[in-house]
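1. From the sequence below, what's the structure:
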Amino acid sequence: RARALAQWAQCERPIGLGLLSELLMSRRGEVELRALNPLLGEQDARAAMDGTAALLLRVSRSIFAAKARAVAWKLQRTLASLKAKLSAGGGAAAQADVAQA
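-> Predicted structure coming up:
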């Protein structure tokens with residue numbers, strides 16, 4: 001209860017993803033985490049740091065995958081458009097589109 005009251009009064013910084021990310025970049029992050037929350041054991045602090053790293057990697061990969069998917073969709077639309085123009089006999093128009101891409 002005392003810790004919750006200290007956090008509510010903003011005397012103690014709450015431990016969230018931002019703080020865990022900062023601690024992850026520190027050589028002493030695990031020690032600092034245990035100092036912020038004395039109830040954490042060594043294994044618990046290590047698990048929190050490992051979980052933070054895994055979450056950040058997952059988010060990074062998701063963002064990369066979303067960007068790659070957007071590029072693939074754009075490429076698919078462009079190829080479909082070029083195919084339609086070539087099928088319609090618009091060879092010069094299709095070549096101009098290829099030159100612009």
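2. And Ala65, how far from Gly51?
-> 21 Å (C-beta to C-beta, to the nearest Å). C-beta coordinates here come from the backbone N, C-alpha and C atoms, glycine included.
3. What average pLDDT does the helix or strand hosting Leu75 get?
-> Using DSSP states H and E, Leu75 sits in helix 42-87. Average pLDDT, helix 42-87: 94.
4. Packing partners of it?
-> helix 17-24, helix 29-36, helix 91-100 (3 or more C-beta pairs under 8 Å, 6 or more residues apart in numbering; DSSP states H and E).
5. Tell me who's in contact with the closest residue to Glu30 other than its chain neighbours.
-> Nearest non-adjacent residue to Glu30, counting by C-beta to C-beta, 6 or more residues apart in numbering: Ala45, 4.8 Å away. Going by C-beta atoms under 8 Å, 6 or more residues apart in numbering, Ala45 touches 30, 33-34.
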